[in-house]
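*Asks:* Here is a sequence with its predicted model. Questions after.
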Amino acid sequence: MRKTEIVPWTKEWDKLYMIEAEILSRIFEHEIINIFHIGSTSVQAIGYAKPIIDILIVVKNIRNIDRYNDKMLDFEYEAKGENGITGRKYFVKGKKKRTHHVHIFQIGNENINKHLQFKNYLIYHHQEAKKYGDLKIALAKKFPNNTYQYQKGKEAFMNNLVVKALEWEVK
């Protein structure tokens with residue numbers, strides 16, 4: 001089982017995102033509409049995160065993405081299919097030590113807005129972001145060798161944040 005590692009937020013994550021976004025933009029150049037840095041590494045106010053860069057790619061046609069699996073493998077990304085989320089193509093980089101997660105959705109998929117609103121909500125609501133960071137630290141201490149339990153422990157809190165984020169809109 002993978003170890004749950006939580007570290008303080010660093011500007012380095014933005015740099016790592018930019019490097020990977022350039023690579024992914026070239027790979028999916030004929031499909032890509034937009035690309036975003038999402039997740040805890042994209043929100044400084046959270047304060048802590050697993051050192052894994054989450055990337056959201058919006059594409060024209062999700063059915064075409066499997067054609068790029070070999071090219072993604074050239075850059076050490078493993079295709080995981082939908083991996084539990086209908087309409088998503090999911091890739092992970094780093095077998096033993098994950099470094100990147102790529103979430104690909106077709107334009108119009110509701111999950112795009114959920115991810116982006118979640119991020120924006122936490123950027124503008126520092127107290128909520130701090131609570132989320134504190135929860136991450138507590139769960140990582142409680143479940144250092146069980147990422148499943150760590151994720152499960154965040155679920156209710158995150159679901160509540162998603163509801164708040166979708167009700168809130170950046171003005």
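*Replies:* Looks like it came in fine.
*Asks:* any idea where the strands of the chain begin and end?
*Replies:* 7-8, 32-38, 48-49, 53-59, 77-79, 88-93, 100-106 (DSSP state E).
*Asks:* do you know which of those lies nearest Lys142?
*Replies:* The stretch from the strands of the chain with the least distance to Lys142 (CB to CB) is strand 48-49; that distance is 14.4 Å. The way it works is simple: take the backbone N, C-alpha and C, and place the C-beta from them, glycine included.
*Asks:* who does that closest one pair up with?
*Replies:* strand 7-8 (antiparallel) (DSSP bridges).
*Asks:* OK, contacts around the residue nearest in space to the middle of the chain?
*Replies:* Of all residues in the chain, the one closest to the mean position by CA atoms, centre = their mean is Asp54, 3.0 Å from it. Contact analysis of Asp54 by CB atoms under 8 Å, 6 or more residues apart in numbering lists 37-42, 100-101, 103.
*Asks:* what bridges to it?
*Replies:* Beta bridges link Asp54 to Ile38, His101 when assigned by DSSP bridges.
*Asks:* Now do it, the pLDDT please.
*Replies:* Asp54 is assigned 98 on the pLDDT scale.
*Asks:* if I look at it, how far off is Ile35?
*Replies:* For Asp54, the distance to Ile35 (CB to CB, to the nearest Å) stands at 12 Å.
*Asks:* can you tell me which residues contact the residue nearest to Tyr121 when sequence neighbours are not counted?
*Replies:* Distances taken as CB to CB, 6 or more residues apart in numbering place Ala165 nearest to Tyr121, at 3.6 Å, with adjacent residues excluded. Taking CB under 8 Å, 6+ apart, we find Ala165 in contact with 114, 117-118, 120-122.
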